[in-house]
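> Sequence first, predicted coordinates after that:
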Amino acid sequence: MEALVVVISPGTLPMVLAQAVAAIALGLLAASGLAKLVDPEPTTGAMRSARLPASKPVTYVLGTVELLLASASLAVGGVALVGAAILYGGFTVFTLAATRKRIPVQSCGCFGRDDTPPSLLHVSFNLVAMVSLLAVASLGVSPIDWSLPGLQLALYLGFTAIGVYVSYLMLSSLPQLLDLSSTS
């Protein structure tokens, strides 16, 4: 049986934290891309409300790019991480504009639901995701160390999945519960 030993020193903590946040952000990006492919209407409507080029084919392309970049970033890291960071940068600008200009959208469209309101919490998450993805890319590592022993990898993947779900809940439900939406 493997011993579960984790050594975290002050020098490795930022890297480990950046990798964990990047992995969660990429899981959320993959879920967001999949949601756009399943139901493009919320995203298409949000883009239309913001006066951006909007159509189902544009939303399908965006969803496909999100899913492919998230998958490549999780699998191997590298330049795909920069692409994912650029997407999160765009999401930050869009969400910030929606909150500041009070664009009349019920949803940012990221999860394929009509009730994911853009909020400053969402802006903050997008910024942290972008910075973490760029940090991991600059370190030349992958968000997930696939060479970890089985039990450690399983724990990391499990905690990442929990982080994705908690982040989803935070972005989709917390703004409504705390009335942080831009449309209130």
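Noted; the coordinates are in hand.

> Relative to the whole chain's centre, how far out is stretch 65-82?
12 Å (Cα atoms, centre = their mean, to the nearest Å).

> and the lowest-mean-pLDDT helix or strand in the chain, which residues are buried?
Counting by mean pLDDT, DSSP states H and E, the chain has its least confident helix or strand at helix 174-177, which shows a mean of 72. For helix 174-177, a neighbour-count test (16 or more other Cβ atoms under 10 Å) marks residue 175 as buried. For every residue, glycine as well, the C-beta is placed using N, CA and C.

> Flag every buried residue along the biggest helix by length in the chain.
If you go by DSSP state H, the chain has its longest helix at helix 13-38. Residues of helix 13-38 classed as buried: 18-37 (neighbour count, 16+ other Cβ under 10 Å).

> With stretch 60-78 instead?
60, 62-63, 65-67, 69-70, 72-74, 77.

> Check stretch 33-53 too.
So for stretch 33-53, counting by 16+ other Cβ under 10 Å, buried means 33-37, 39-40, 42-47, 49-50.

> measure it end to end?
Stretch 33-53 stretches 18 Å from its first residue to its last (Cα to Cα, to the nearest Å).

> Who are the contact partners of the residue nearest to the spatial centre of the chain?
In the chain, the centroid-proximal residue (Cα atoms, centre = their mean) is residue 25; its distance is 3.5 Å. By Cβ atoms under 8 Å, 6 or more residues apart in numbering, residue 25 lies in contact with 84, 88, 128-129, 132-133, 167.

> Buried only: go through those for me.
84, 88, 128-129, 132-133, 167.

> where exactly do the strands run in this structure?
Remark: no strands are assigned in the chain by DSSP state E.

> residue ranges with poor pLDDT in the protein?
Scanning the chain for pLDDT under 70 picks out 1-13, 102-117, 176, 179-184.
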